[in-house]
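Participant: generate coordinates for the sequence data below:
(3 chains)
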Amino acid sequence: MTTDELLQLLFPTGAPYSLTPDQQAVVRHRRGPAWVLAGPGSGKTEVLSLLALRLLFCDDNDDGHRIAPESLIVTTFTEKAARNIDDRIRRYRDQIVAAQPDLAAVDLSRLRIGTLHSLCNDLLQECRAPNYQNVRLMDEFEQAMFVYEHVSSDPLAERRDLWATFSYLFARHEWQPTYNYAPSRWNRAEALTDIFNRIVDDRVSVPAMHARGGNWQLIAQLYDKYAAAMQTEFRCDFAHLQLRFLEFLGTPLGQVFREGGGGHSGITWVLVDEYQDTNLLQEEIYLTLAHAEPSSIVVVGDDDQALYRFRGGSVECMVTFDAACRTYLAGTPTVSRYPLVDNFRSHPKIVEFCSNYIEAFPATRLPGARVPNKPRLRAHSSISGNYQAVGVLSGTNINHLSTRVAQTIRDLRDHDIIHDYNQACILLASTRESPQNALPYVTALRAAGIDVYNPRNKAFVQQEEVSALLGALSSLLDPNGASIPPRPPGVAALINECRAAYDVVAVQHPGLRQYIERAVGIFRQRPGQYVESRIQEIIYYLLSLDPFAAWQNDPIRRIRLGRLTSIFEAFASTPVPNRPNVFRGNLRTDEGGSGAMNNLWLLGFYHLLFGYLSRVGVDDVEEEVVGAPPGMLPVMTIHQAKGLEFPFVFVGHLNRAGQISASHQLETALSQFPTRPERAFQRPPEQTRAELDVIRQYFVAYSRAQNALILMGTTAHLRAGRPPCGPNRQWLPNQALPL
DNA sequence: CTGGGTGCAGTTTTT
DNA sequence: CTGCACCCAG
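Facilitator: Predicted coordinates:
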């Protein structure tokens, strides 16, 4: 099948939808590196999927053959986006095979498609990479626990003067450089975790840190200790997973994987979606994979939609992709540049608004902020009509504003402008239901009789079954609550909340209460001893008793309890240093015979487990289906809405200024030790980077809207004139919504 | 509409 | 402690 035949099959003449010449150019890309600059709603994922299909099914490729599925890597940043590409490829494949049954021989199960993390994990195991055998991959909580156990109590990490250099890693109320003591052990563990992840994601040279001496040398020593502990304990974190893969690519085995030989065909094409969220480590992986000529690597992204700096994402990788190719690739590669500027999603006024917005800020014109000479977006959707597609909704204060928003959405539904509440969406920086965040909106909406769908409200631990199980465990292991730490207050409050939740449940379920009382009695008779059972077994037993057993029949409650169990599992599986085969899950009773566990153990239990739950917050259960259930109005974070679209989009939190965060400061500090100096970026100052991050975040929010975009702000928000509202407010519509 | 005093609350995102 | 939101006086 030729490319022309493929396109004719999928988009027959006269069909309502066909590819534009710009899109076709990407699908027909022949060889070498390609840089696809895709604006919002430009069909970038579609184009990338079609390119993959062309490579797999068409025989008019550069070398006149179809690409073997295992020679093609298709990857992106989030699970959701990866599934999206996978679904599209499979759906089109069925159409192709229906028309040409002989193409059923193309085995898509061998296609390497997924997030980079999952590909690294799968490929390292498939290739039996020696540096990644029998390794347990740690999630964020396990990693922090691991650092707590193995690094944070090192005398080097207890030096106050060390932390004075990194004071920005601590919340103001946690620790300040003026204190005459070091930050708490748990705070140190979290700060070290941040630094270690950055070192790996940003390709920081640890030898250069050693050579610098002083505090940098201390950090380098602590990092080495962490890396060594992971080796001996057979653990790996997310960042090191990718580093292991990069190391593997440099070995002889890895070279066979890349370039073929011994029955393998090698990797010939690398397609990357959401490239604006790539970091330096990932960049090096992609370009190492594509190193050999003709280096067919296709990256697709929008530098204006970069959202993930906190995770090491460097928009500079997208902005300077041409320079990266010259650094890493063999020969002198020509980078083909494909702008996709046609927007198929939004009303022309919204498209114009978004273009004006992104160009209104002087910061976006600084070198390095955006891809040079990027063309403006062009409206190309079927949505039209001469109505006010972009408007402002304001109020004197947040409650007044929320009431008007709720009333407006109610009116949209009552007048059948939308047929279901899930055709509208409220986008906020944070959907936590606290007074500063989503609470006023959610309260006003519920008062107006609108059901709200807000799964990312961090309310997980507030759910009855979760707090009751935590409370039951606390009551079993610490019957009088004697070991509850008074500080930090948030942790103590959470523990007491959970115990109160258990008390309520215990009254109605004598079986549960009796089991716990019996267990306390047994512990009392065996002071100072290790207990036969581990904490996991106690939890499974508790789950077999009512009300937990009955709650397992409710699908949502069962998922919540499952999630809590896996958090316990992470907690319990952390090895205790210098004690072979002893884990946090092993229990030892108190010397005094009080029925409680060993006091030190309990402090860890409270500080680590409850501390984690109270500080980080765990999101409540989310539906697998994207978008809100029928009849419910979604309240979402902007990150969550990435890649989605809604007819009516309401955007709030227009007062969020660009705050310099720990990420920005760590990024600056570590950039003095580049592993690859030729890829060290000339970045704008921190304040400008922070401002650009906010501008981009709200660009994502605004470009979600199909039919109408409504900006929500109090008069004070709108007057403050900070991004995302200012400083040049010419782009703001001068007409408020009538109400 | 703006500036200042008072009072309250206390990041967010993912693998 | 700081920084914001809100309210009120001009």
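
Participant: what packs against the longest strand seen in chain A?
Facilitator: Longest strand in chain A by number of residues (criterion: DSSP state E): strand A:705-714. Applying 3 or more Cβ pairs under 8 Å, 6 or more residues apart in numbering; DSSP states H and E, one finds that strand A:705-714 makes contact with helix A:348-360, strand A:390-395, helix A:398-414, strand A:646-651. For the C-beta atoms, the positions are set from N, CA and C on the backbone; glycine is no exception.

Participant: could I get those in JSON lines, plus columns for distance to residue A:54, mean neighbour count and mean pLDDT?
Facilitator: Converted to JSON lines, these look like this (distance: least, Cβ to Cβ, whole Å; neighbours: other Cβ atoms under 10 Å; pLDDT from 0 to 100):
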{"stretch": "helix A:348-360", "distance to residue A:54": "29", "mean neighbour count": "21", "mean pLDDT": "88"}
{"stretch": "strand A:390-395", "distance to residue A:54": "38", "mean neighbour count": "19", "mean pLDDT": "83"}
{"stretch": "helix A:398-414", "distance to residue A:54": "42", "mean neighbour count": "18", "mean pLDDT": "87"}
{"stretch": "strand A:646-651", "distance to residue A:54": "31", "mean neighbour count": "23", "mean pLDDT": "92"}
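
Participant: adding distance to DNA strand C, write the ones you listed out as JSON lines.
Facilitator: Compiled in JSON lines, the helices and strands packed on strand A:705-714 are given as follows (distance: least, Cβ to the nearest atom of the strand, whole Å):
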{"stretch": "helix A:348-360", "distance to DNA strand C": "20"}
{"stretch": "strand A:390-395", "distance to DNA strand C": "8"}
{"stretch": "helix A:398-414", "distance to DNA strand C": "3"}
{"stretch": "strand A:646-651", "distance to DNA strand C": "15"}
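
Participant: what about the next helix or strand after the longest strand of chain A and DNA strand B, touching?
Facilitator: Going down the chain from strand A:705-714, the next helix or strand is helix A:715-720, by DSSP states H and E. Yes. Contact between helix A:715-720 and DNA strand B, assessed by Cβ under 7 Å from any atom of the strand, occurs at A:715, A:719.

Participant: put the alpha carbons of helix A:715-720 into PDB.
Facilitator: Below are the C-alpha coordinates for helix A:715-720, written out as PDB (Å, rounded to 0.1, in the frame of the first residue of the first chain):
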ATOM      1  CA  THR A 715     -12.600  43.000  40.400                       C
ATOM      2  CA  ALA A 716      -9.400  42.800  42.500                       C
ATOM      3  CA  HIS A 717      -8.100  39.900  40.500                       C
ATOM      4  CA  LEU A 718      -8.800  41.600  37.200                       C
ATOM      5  CA  ARG A 719      -7.300  44.900  38.400                       C
ATOM      6  CA  ALA A 720      -4.100  43.400  39.800                       C
END
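
Participant: counting by contacts, list what that helix packs against.
Facilitator: Going by 3+ Cβ pairs under 8 Å, 6+ apart, helix A:715-720 lies up against strand A:390-395.

Participant: what packs against the strand it packs on?
Facilitator: Contact analysis of strand A:390-395 by 3+ Cβ pairs under 8 Å, 6+ apart lists helix A:348-360, helix A:398-414, strand A:705-714, helix A:715-720 as its packing neighbours.

Participant: and of those, who's closest to residue A:95?
Facilitator: With Cβ to Cβ as the criterion, residue A:95 lies closest to strand A:705-714 of these, at 26.3 Å.

Participant: that closest one near DNA strand C anywhere?
Facilitator: Yes. Strand A:705-714 is in contact with DNA strand C by Cβ under 7 Å from any atom of the strand, via residue A:714.

Participant: neighbouring contacts of that strand?
Facilitator: A:345-347, A:350, A:353, A:381, A:383, A:388-398, A:400-401, A:405, A:408, A:645-652, A:654-655, A:702, A:725, A:732-733, A:737 (Cβ atoms under 8 Å, 6 or more residues apart in numbering).
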